[in-house]
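> What shape does this take:
(one chain, ligands or ions: 2)
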Amino acid sequence: MAYLQLRGIEKFFGEHRAIKGIDLTIQQGEFIVFVGPSGCGKSTLLRLIAGLENIDGGSLMLDGRDITDQPSSKRDLAMVFQSYALYPHMSVYENMSFALKLAKVDPAIVREKVERAAAILNLTTYLERTPKELSGGQRQRVAIGRAIVRAPKVFLFDEPLSNLDAALRGQTRVEIAKLHRDLGATTIYVTHDQVEAMTLADRVVVLRDGLIEQVGTPLELYDRPANQFVAQFIGTPQMNVVPLQQLPAPVQQQAPAGAAGGAIGLRPENIAVRNTGTTPVGGQVDLVEALGAETLIYVSTPGGAQFVSRQNDRTSLRAGDAVSLDIDASQAHWFDAAGHVVAGQGA
Ligand SMILES: Nc1ncnc2c1ncn2[C@@H]1O[C@H](COP(=O)(O)OP(=O)(O)O)[C@@H](O)[C@H]1O
Ligand SMILES: [Mg+2]
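Numbering: from 1, shown residues only. Ligands and ions are numbered 1, 2, ... in the order given. Below you'll find the model as predicted:
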């Protein structure tokens, strides 16, 4: 049975239809990530679920209860924001216990809950400090702790790691994943970062311009994107998408009929760079990025197509070198003129 059910959810800001009818079913315990480019409506959708914005159309059910018009305080959800919004003059303990104290929970129970959350988040030794005596990562953990002590039905996160530097972001991401495994709480997490989406989610919801483009497990989206937008949003470097007419004839001939006027999509790992003259697709190296564990080679062809190839071994190739591209067409994604995947992939 659905735990959280969104049906035809809409939101207008004045004339602007920011959320254009979202249908989504979330199961209990799932970790769902909303991902998409800036301005696509991720935060708005989360705020509609949280009750921080009014829903203009559609309905929202939580655990069998219609909460569409319920105030935020009655929804049994807890939100963690990008800005930690901690009370600066209160200790970590007071910050984490504040909501329970307001709710007049027995102080002994409050202590027990805060101490348990602090232990989970490695904050036990910091309980008497104030936020300014903490690092960014510790503050973010306090913000998460504040949500945990409320034991909500659903955790809502809006880009909680954006303010952290790269190393801490990676570390906190691992902690959030562990936390979800330990608590098993239903979680909705918003990010513009597809790597965060891929690493954290049970299912990813790709949003664009107020609409859902695709919902799936991380690898479903990677292996079977429904359209060119999802194909290029998920994965770094981006999937190569090249118009059919720019492809050499031997590759064009492998395209299914529906791809006429469309494009081929190839992940960088499905293109290999070979010695010049060894395949029908010739090209020239534009750039080599040696990242250590992997090497990215950017190649352009006489037809005007540009490809990036990812390989695990290092290369002695340099910009300007003539090469041949070995394209694994069995791994190709074919898109029609509108950017939708062509059914019955492969020739
Ligand atoms: N309070 C608001 N008033 C007017 N427009 C808003 C408001 N909040 C968001 N928007 C608009 O709604 C769209 C989605 O915004 P948002 O949900 O913040 O995007 P995201 O979180 O995906 O970056 C944007 O076009 C944004 O400008
Ligand atoms: Mg946002």
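> ok, now which ones touch the spatially most central residue of the chain?
By Cα atoms, centre = their mean, the chain has its centre lying nearest to Ala197, at 2.7 Å. By Cβ atoms under 8 Å, 6 or more residues apart in numbering, Ala197 lies in contact with Val33, Val35, Thr191, Val204, Pro218, Ile234. (Each C-beta comes from the backbone N, C-alpha and C, glycine too.)
> Now render those residues as a markdown table, adding neighbour count and secondary structure.
Below are the contacts of Ala197 laid out as a markdown table (neighbours: other Cβ atoms under 10 Å; DSSP: H, G, I helix; E, B strand; the rest coil):
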| residue | neighbour count | secondary structure |
| --- | --- | --- |
| Val33 | 25 | strand |
| Val35 | 27 | strand |
| Thr191 | 24 | strand |
| Val204 | 29 | strand |
| Pro218 | 18 | helix |
| Ile234 | 25 | coil |
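> where exactly do the strands run in the stretch 51-200 of the chain?
Using DSSP state E, counting those that start in this stretch, the strands assigned to the stretch 51-200 of the chain run over residues 57-62, 65-66, 77-80, 154-158, 186-191.
> In a markdown table, list those along with distance to Ile26 and mean pLDDT.
Compiled in a markdown table, these are given as follows (distance: least, Cβ to Cβ, whole Å; pLDDT from 0 to 100):
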| stretch | distance to Ile26 | mean pLDDT |
| --- | --- | --- |
| strand 57-62 | 10 | 98 |
| strand 65-66 | 14 | 96 |
| strand 77-80 | 12 | 88 |
| strand 154-158 | 8 | 94 |
| strand 186-191 | 7 | 96 |
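> from those strands, which stretch is densest packed?
Ranked by mean neighbour count, those are led by strand 186-191 with a mean of 25 (mean count of other Cβ atoms under 10 Å).
> Next, the angle from it to strand 57-62.
Orientation check (axes from the mean of the first three to the mean of the last three Cα atoms, to 10 degrees): strand 186-191 against strand 57-62 gives 130 degrees.
> could you say what helices and strands strand 186-191 packs with?
Using 3 or more Cβ pairs under 8 Å, 6 or more residues apart in numbering; DSSP states H and E, the elements in contact with strand 186-191 are strand 31-35, helix 42-50, strand 154-158, helix 194-200.
> Reformat the ones you listed as CSV; add distance to Arg65.
Converted to CSV, the helices and strands packed on strand 186-191 look like this (distance: least, Cβ to Cβ, whole Å):
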stretch, distance to Arg65
strand 31-35, 19
helix 42-50, 14
strand 154-158, 12
helix 194-200, 27
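> Right, I'll leave it there.
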